[in-house]
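>>> please find the sequence and the predicted model below.
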Amino acid sequence: MNKVDDMEVRVEDVWKSFDRGRIEVLKGVTLHVPKGGIVALCGTSGCGKSTLLNVISGLEEVDRGLVRVAGRDVVDEATRIHLLRHRIGYVFQFHHLMPDLTLEENCMVPVIAAGGRRADGLERLHDLAATTGVEHRLGQRVRELSGGERQRGALVRALMNDPELLLCDEPTGALDEKNREMVFELLLELVRARGRTLVLATHDPDLARRCDRCVRMRDGRIEGEGI
Amino acid sequence: MNLWRMVFTNLRRHRVRTAIGAAGIALGVATMLSVVGLLGGAVKMFERILQSDSEMVVFEKSVSDLFFSNVPVEVAGELEKQPFVKAARPVLFTIITAPGRPVVTCFGISAADPRLGKGEWLQGSAAGFTDHGNGVVVGERAADFLNAKAGGTIELGQSTYPVAGVVRMENGFENGGVFMPLVTCQKEFHKEGLCSVVSVALADGHESAEVKSWIESHHERLTALENEEFSRSYSQFKIMKTTAWVVGGCAFLLGGLSVTNTMILSVFGRIKELAIARVCGFSRGQVARMIFGESLLISAIGTVMGWGLSVAGLYALRAIPQLQGYIDPRIGWKEVAGALVLAVVTALAGALYPAWYAAKLKPAEALRFE
């Protein structure tokens, strides 16, 4: 594997616009995140952090430029599906769990998508749920869970297929201070313990400081590193 | 949890929506099976009238309706002389009026015809029904609405006839009709020497082909068919059966619209959920399969409900005294299989647009959707 392939995430001169080019959100963004790196994308709302995460995961197609994750160019549906099933886990600001399903049912969705064995999925679910402290809540419907539990549940769901790369878009943005701290600590702990790569969008400098690297974004461009 | 389990879970958590979708299909299935069952039953009853103790029917070629068929009665006599025929019985089908009843089915038969023997004589006896007399036998239902009693008289058409007996027939058409001696019937309808059909019972060890060949060579204006062949080819039966399937199918498709509606609501109501499923690795195909699966399950539930409803409805109708004998609910495997096929087609067609819409959703856009 050469140096480039060793990059877990490689974004080269990526441009992305909306509304038929009228709104330019990413303007020539280049970002390299090595395997095992923990990187925070910082910047004010609307600077392009979320779009960059979406581009890395393949949820948004780029206008031009190159996005490569784990040695694969994110150019088509098949690659996107492969990455989202096996290589990438995604956590949003809002948990986006299905409210009428139990936490267990929610967390098993990625296993269904990947065609995994139920027994294996359940084993992994119980392991992750025990680590994140929601094991006793697995049988509860999401609407019966607290905000912190829901977000921890979302974290479990993102990790169900043991992805190498975790993308988190303001994962603690909707939580109170106590839960924010708990969820963020848990996130770092899980990622570090398993040697995973984390790219995190946040506008919270405290959280950004605790990452290995902080990439500042402004107006669709990488402005520099550091808070 | 596999995809089907997820499908089931999705339906379970929107019970009311699922129930409404299934109810639409259930009503469609119930209507279709009821119409098909009722008309199919009517056809079967008519077939049984023709097939009384016989294997073949001889009638006039190219008639659209047996009421218009004219077969010389001598043909029955000629056939009976053939070694391959055990019995040949002429029957004249007509419609006659009675006071307060514009339509009464009338069967002109010979005294030797076995069909009266199959009934339960409630009044009078077979002795009063002779080939050259004018005593008529009235079915139980007809006796009821014509106020007929054995020993009395009834007005039929232009004449008054003595009632030789009242008989309870299993077949609704026969139970609601009047049996008249063939010759009397011919006179009443100015069809002297004619009958509508000749029912032919084959002699042991002989084939229907012998009758067909004999009819072909001796009476080119007539045709002989096995009962089953006749049922398949008789245009009135075909029209009735086709009408039943078309009417039933239309009702079914109307019910199917409720599935489309349910699935559209279902997709539009969970756009974010579908987007999350995509983020979790669901392919477009898996999303589409999930929507089709939900639609199929709704249709399957609706089909079972509709089948139950139609069976219950037909049996309830059959229990109504005024309809007894006219309704012979026949929901065979063909009808159920037809309903199932329509249910699957409706489910797939109904889910086509919702599934396409769900599959083409762009997850990032859908997550921004409010």
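Perfect, I can see it now.
>>> tell me the residues of chain A that contact chain B?
A:54, A:57, A:59-60, A:77, A:81, A:84-86, A:90, A:92, A:96-98, A:100-101, A:105, A:108-114, A:118, A:121, A:157, A:161 (Cβ under 8 Å from any Cβ of the partner chain). For every residue, glycine as well, the C-beta is placed using N, CA and C.
>>> just the buried ones from those residues?
A:54, A:57, A:59-60, A:81, A:84-86, A:90, A:92, A:96-98, A:100-101, A:105, A:108-114, A:121, A:157, A:161 (16 or more other Cβ atoms under 10 Å in any protein chain shown).
>>> among the residues of chain A next to chain B, which are in helices?
A:54, A:57, A:77, A:81, A:105, A:109-114, A:118, A:121, A:157 (DSSP state H).
>>> pick the one among those residues closest to chain B.
residue A:113 (3.5 Å; Cβ to the nearest Cβ).
>>> what's the helix or strand for the closest residue in space to that closest one that isn't next to it in sequence?
Distances taken as Cβ to Cβ, 6 or more residues apart in numbering or on different chains place residue B:281 nearest to residue A:113, at 3.5 Å, with adjacent residues excluded. Following DSSP states H and E, there is no helix or strand that holds residue B:281.
>>> wait, what's in contact with residue B:281?
A:81, A:84, A:85, A:86, A:110, A:113, A:114, A:161 (Cβ atoms under 8 Å, 6 or more residues apart in numbering or on different chains).
>>> redo that, cut-off 6 Å
Contacts for residue B:281 (Cβ atoms under 6 Å, 6 or more residues apart in numbering or on different chains) come out as A:84, A:85, A:110, A:113, A:114.
>>> and the residue of the stretch 201-350 of chain B nearest chain A?
residue B:281 (3.4 Å).
>>> and the residue most central in space within chain A, its phi and psi?
Centrality entry for chain A: nearest residue to the mean C-alpha point is residue A:167, 1.6 Å, by Cα atoms, centre = their mean. Phi and psi for residue A:167, reported as degrees, to the nearest 10, are phi -110, psi 130.
>>> how near is it to residue B:264?
In this view, residue A:167 and residue B:264 are 32 Å apart by Cβ to Cβ, to the nearest Å.
>>> and what of residue B:271?
12 Å.
>>> ok, now residue B:207?
59 Å.
>>> let me see the contact set for residue 113.
No chain in the question, so chain A it is. A:85, B:280, B:281, B:282.
>>> sorry, I should have been clearer: chain B.
residue B:89.
>>> any weak-confidence spans in chain A?
A:1-7 (pLDDT under 70).
>>> all helices of it, in order?
So, for chain A - with DSSP H - the helices run A:3-6, A:49-57, A:77-82, A:103-107, A:109-114, A:118-132, A:147-159, A:177-193, A:205-209.
>>> packing partners for the third one?
Packing partners of helix A:77-82 (3 or more Cβ pairs under 6 Å, 6 or more residues apart in numbering or on different chains; DSSP states H and E): none among the helices and strands.
>>> ok, now with 8 Å
Here helix A:77-82 touches strand A:72-73, going by 3 or more Cβ pairs under 8 Å, 6 or more residues apart in numbering or on different chains; DSSP states H and E.
>>> for the residue of the stretch 201-350 of chain B closest to chain A, what are phi and psi?
The phi/psi pair for residue B:281 (degrees, to the nearest 10) reads phi 110, psi 0.
>>> residues near the residue of the stretch 51-200 of chain B at minimum distance from chain A, how many?
Taking Cβ to the nearest Cβ, chain A has its nearest neighbour within the stretch 51-200 of chain B at residue B:172, 51.9 Å off. Neighbour count for residue B:172, taken as other Cβ atoms under 10 Å in any protein chain shown: 22.
>>> the one 3 residues further on now?
By other Cβ under 10 Å, the residues close to residue B:175 number 22.
>>> you'd agree it is up against residue B:140?
Yes. Counting by Cβ atoms under 8 Å, residue B:140 is a contact partner of residue B:175 at 5.4 Å.
>>> who's in contact with the residue nearest to the centre of chain A?
A:53, A:56, A:57, A:88, A:89, A:90, A:91, A:199, A:200.
>>> what do you get for residue A:66?
A:10, A:11, A:12, A:13, A:14, A:73.
>>> so of those, which ones are in strands?
Residues of the contacts of residue A:66 located in strands (DSSP state E): A:10, A:11, A:12, A:13, A:14, A:73.
>>> contact partners for the residue nearest to the fourth one when sequence neighbours are not counted?
Counting by Cβ to Cβ, 6+ apart, residue A:13 lies nearest to residue A:65, which is 4.5 Å off, once chain neighbours are set aside. Shown in contact with residue A:65 (Cβ under 8 Å, 6+ apart): A:11, A:12, A:13, A:14, A:15, A:28, A:29.
>>> which one among those residues gets closest to residue A:69?
Residue A:69 has its nearest neighbour among those in residue A:11, at 9.3 Å by Cβ to Cβ.
>>> how many neighbouring residues does the closest one have?
24.
>>> and it, how far from chain B?
Distance of residue A:11 to chain B, given as Cβ to the nearest Cβ, to the nearest Å: 16 Å.
>>> lowest average confidence, helix or strand, in chain B?
Among the helical and strand segments of chain B, the one scoring lowest on mean pLDDT, DSSP states H and E is helix B:227-233, with a mean of 79.
>>> list the buried ones in it?
For helix B:227-233, by 16+ other Cβ under 10 Å, it's B:227, B:230, B:231.
>>> what does stretch B:128-138 give?
So for stretch B:128-138, counting by 16+ other Cβ under 10 Å, buried means B:128, B:129, B:134, B:135, B:136, B:137, B:138.
>>> farthest pair in these?
Based on Cβ to Cβ, the longest span within the buried residues of stretch B:128-138 runs between B:134 and B:138 and measures 13.5 Å.
>>> and after the biggest strand by length in chain B, which helix or strand comes next?
In chain B, with assignment by DSSP E, the single longest strand is strand B:85-98. Next helix or strand after strand B:85-98 toward the C-terminus (DSSP H and E): strand B:101-109.
>>> which other helices and strands contact that following strand?
By 3+ Cβ pairs under 8 Å, 6+ apart, strand B:101-109 packs against strand B:85-98, helix B:140-146, strand B:178-181, helix B:182-188.
>>> what is the mean pLDDT for stretch B:155-174?
Per-region confidence: stretch B:155-174 scores 90 on mean pLDDT.
>>> report the buried residues of stretch B:256-274.
Here stretch B:256-274 shows B:256, B:258-264, B:266-267, B:270-274 as buried, counting by 16+ other Cβ under 10 Å.
>>> ok, and of those, which contact chain A?
B:270, B:272, B:273.
>>> list the ones among those residues that fall in strands.
Counting by DSSP E, those contribute nothing to strands.
>>> mind putting these into JSON lines with distance to residue B:35?
Putting these into JSON lines (distance: Cβ to Cβ, whole Å) gives the following:
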{"residue": "B:270", "distance to residue B:35": "37"}
{"residue": "B:272", "distance to residue B:35": "43"}
{"residue": "B:273", "distance to residue B:35": "40"}
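>>> output the residues you listed in TSV; the columns should cover pLDDT and distance to residue B:221.
Shown next, in TSV, are those (pLDDT from 0 to 100; distance: Cβ to Cβ, whole Å):
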residue	pLDDT	distance to residue B:221
B:270	88	69
B:272	89	75
B:273	89	72
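>>> so which of the residues you listed is the closest to residue B:101?
residue B:270 (60.4 Å).
>>> contacting residues for the closest one?
residue A:98.
>>> follow-up on the earlier one: how much space between the residue of the stretch 201-350 of chain B closest to chain A and residue B:224?
68 Å.
>>> same question, residue A:208
For residue A:208, the distance to residue B:224 equals 96 Å [Cβ to Cβ].
>>> follow-up on the earlier one: shared neighbours of residue B:175 and residue B:140, anything?
B:168, B:169.
>>> so where's chain B uncertain?
By pLDDT under 70, the low-scoring segments of chain B are B:1, B:51, B:321-330, B:369-370.
>>> domain ranges for it?
B:3-46+B:237-368, B:62-220 (automatic domain parsing).
>>> now render the ones you listed as CSV, adding distance to residue B:56.
Listed next are those as CSV, based on distance: least, Cβ to Cβ, whole Å:
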stretch, distance to residue B:56
domain B:3-46+B:237-368, 16
domain B:62-220, 4
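>>> alright, I will stop here.
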